[in-house]
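[1] Let me see the structure of the following:
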Amino acid sequence: MATWTAFYVKTTNEAGLKEKLIALTGISTALEGRFPSDFHNSYLIDEAAPSYLVFTSTQPGWVTIVYNSAHKLADWCIDISKQFNTQVIVTLAQNTSDYYYFALYDKGEMKRELEYCYSEDYIPTNLGKKFDFEAEEPGDEIEYNGDSTFLFDFDSIERYCSEFGLTIQCNYQDFEWSMLKGRSTGKTVAQAVKELHDARKPWWKFW
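    Numbering: from 1, shown residues only. Prediction:
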């Protein structure tokens, strides 16, 4: 896991959800097939609205939607969870920046939001009523320098999701996916890396 951006809708109405995602994105044509090889190069470098969504039912009763930005999609999740009278879970993670995010929506309301980043000074987000399965702090209790503390990381995200009957890690190549791909709404990571590489002149061009 380097960058992880996905949300999950608890529903068996896959056709209805597909129509809803088409309406939200404004992308009218959905393709079908294996998980696309160009998806990871489409990641946007900021929190722009996603321009590439790939979705399918990866387990009974849950639809996985993988998308290409770090947008938290609060408006979408409120709308979807209200319309389908269900739960929506959002997960974001980035191991280079040590960043982790979890949110639960239920029937049009955000019930819980957790956001932690350990690579810099960062005020964590801890909103909503604590789940019954949580300890006094979000995440998992660990020993650090002889003291007990709590760490909210990707393992925590997986554990929280499992409490709602959701398994988030699976082999994407085992499934057929629907794909909504529109015009990019911002600069991609791949473009930024290329620009950085192109800006590095060979040593002889400095003379």
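
[2] helices and strands of the chain: which one bottoms out on pLDDT?
    helix 189-199 (a mean of 48; mean pLDDT, DSSP states H and E).

[3] burial measure for residue 44, as a count.
    Neighbour count for residue 44, taken as other CB atoms under 10 Å: 24. Yep, even glycine has a C-beta here, placed from its N, CA and C like the rest.

[4] Next: residue 55.
    Neighbour number of residue 55 under other CB under 10 Å is 24.

[5] Am I right that it is in a strand?
    Yes. Assessed by DSSP: H, G, I helix; E, B strand; the rest coil, residue 55 belongs to a strand.

[6] Surely it is in contact with residue 175?
    No. The pair residue 55 and residue 175 does not pass the contact test of CB atoms under 8 Å, sitting 9.9 Å apart.

[7] hey, where'd the strands end up in this structure?
    3-10, 30-33, 52-59, 62-67, 87-94, 99-106, 109-117, 125-128, 140-144, 147-151, 177-181 (DSSP state E).

[8] Which of those has the lowest mean pLDDT?
    Among these, strand 140-144 carries the lowest mean pLDDT, at a mean of 86.

[9] hmm, who's touching that strand?
    The contact list for strand 140-144, computed with CB atoms under 8 Å, 6 or more residues apart in numbering, reads 135, 148, 149, 150, 151, 152, 153, 155, 156, 159.

[10] circling back: now distance to residue 41 too, for the strands of the chain, in TSV please.
    Output for these, formatted as TSV (distance: least, CB to CB, whole Å):
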stretch	distance to residue 41
strand 3-10	11
strand 30-33	17
strand 52-59	10
strand 62-67	14
strand 87-94	16
strand 99-106	20
strand 109-117	24
strand 125-128	29
strand 140-144	33
strand 147-151	31
strand 177-181	12
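
[11] Quick one, which of those gets closest to residue 19.
    strand 30-33 (9.6 Å; CB to CB).

[12] Dig out what residue 9 forms beta bridges with.
    Beta-bridge partners of residue 9, counted by DSSP bridges, are residue 63, residue 88.

[13] End to end on stretch 111-124, go ahead and measure it.
    End-to-end distance for stretch 111-124, by CA to CA, to the nearest Å: 17 Å.

[14] Residues in contact with it: which ones?
    96-105, 125-129, 131, 138-139, 152-153.

[15] which among those residues end up buried?
    Taking 16 or more other CB atoms under 10 Å as the criterion, what is buried in those is 99, 100, 101, 102, 103, 104, 105, 138, 139, 152, 153.

[16] so who does residue 33 touch?
    Counted by CB under 8 Å, 6+ apart, residue 33 has contacts 176, 177, 179.

[17] nearest to residue 73, of the residues you listed?
    Residue 73 lies nearest to residue 179 out of the contacts of residue 33, by CB to CB, at 17.5 Å.

[18] Could you find the closest non-adjacent residue to the closest one?
    residue 31 (4.5 Å; CB to CB, 6 or more residues apart in numbering).

[19] Test my guess that that neighbour contacts residue 176.
    No. Using CB under 8 Å, residue 31 makes no contact with residue 176, being 10.9 Å away.

[20] ok, back up a step: now, of the contacts of strand 140-144, which are buried?
    Buried subset of these (neighbour count, 16+ other CB under 10 Å): 150, 151, 152, 153, 156.
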